[in-house]
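Peer 1: coords please:
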Amino acid sequence: MSEGNGTLKEAFRHHAWATRELLAFCAQLGPDQLSQPRPAPLAGVHGSILETFDHIVCSDGGYLGALTGHRPAWAHERGLGSDLGELAPRADEAEALWMGFLSLPDDAVRRVLLDDGTYETHTAIVTAQALHHGSAHREQICAILRDFGLDPPEVQPWDFADATGRSRWIKPE
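Peer 2: Numbering: from 1, shown residues only. Just a heads-up that it's a prediction; the model follows:
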């Protein structure tokens, strides 16, 4: 039997895995590195690693709230994720919530309201934005890590597939 939205579920599994991998890597950083503001050209929208992680995770909660009508309590607490240990369980919860949402019948063109009801779009657009948003901000964190002289973990979908047994190299015969 086919799993509804199976392809999107895999995309969100990668999304959560990539965030967790990067959170785990950043756990080795000191508090000063995690909270160091970035200069304007490097900062993007959110300056420090910690602020950027908080933004990724809380935004997932916001997207889920727009799609389901039930926003996790922590998604209202923007800026209170004061350490990575608080954010990792929230990322796990967001993944579970995405799996629940994606188990519902697909209605890609259902209209949802964002930004306190001032912006209307389709559920498919919010879903696509959530994936893009996480990827873009994880790349910002990787850029900050490279600025620190560190080699960040690879968190692309290929790396997820290799790490989780979803792909493998086949030796030619």
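Peer 1: in this structure, which ranges drop under the pLDDT threshold?
Peer 2: 1-4, 39-46, 77-82 (pLDDT under 70).
Peer 1: how much space between the residue nearest the centre of the chain and Ala163?
Peer 2: For the chain, Gly134 is the residue whose C-alpha lies nearest the centre (Cα atoms, centre = their mean; 3.8 Å). Distance from Gly134 to Ala163, counting by Cβ to Cβ, to the nearest Å: 17 Å. To be clear about C-beta, it is placed using only N, CA and C from the backbone, and glycine gets the same treatment.
Peer 1: ranges for the helices of the protein?
Peer 2: Under the criterion DSSP state H, the chain contains helices at 6-26, 31-35, 40-43, 49-68, 84-102, 123-147, 157-163.
Peer 1: Arg110: which of those is closest?
Peer 2: Closest of the helices of the chain to Arg110 is helix 123-147, at 4.8 Å (criterion: Cβ to Cβ).
Peer 1: picking that back up, mind putting the helices of the chain into a markdown table with distance to Arg111?
Peer 2: Output for the helices of the chain, formatted as a markdown table (distance: least, Cβ to Cβ, whole Å):
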| stretch | distance to Arg111 |
| --- | --- |
| helix 6-26 | 19 |
| helix 31-35 | 39 |
| helix 40-43 | 34 |
| helix 49-68 | 11 |
| helix 84-102 | 16 |
| helix 123-147 | 8 |
| helix 157-163 | 29 |
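Peer 1: Asp115: which of the ones you listed is closest?
Peer 2: Nearest of those (Cβ to Cβ): helix 49-68, 9.3 Å.
Peer 1: how far is that closest one from where the chain is centred?
Peer 2: With Cα atoms, centre = their mean, to the nearest Å as the basis, helix 49-68 stands 7 Å off its chain's centre.
Peer 1: just the angle between that helix and helix 123-147, please?
Peer 2: If you take axes from the mean of the first three to the mean of the last three Cα atoms, to 10 degrees, helix 49-68 sits at 170 degrees to helix 123-147.
Peer 1: any buried residues in helix 49-68, and which?
Peer 2: 49-67 (16 or more other Cβ atoms under 10 Å).
Peer 1: other SSEs contacting it?
Peer 2: Here helix 49-68 touches helix 6-26, helix 31-35, helix 84-102, strand 111-114, helix 123-147, going by 3 or more Cβ pairs under 8 Å, 6 or more residues apart in numbering; DSSP states H and E.
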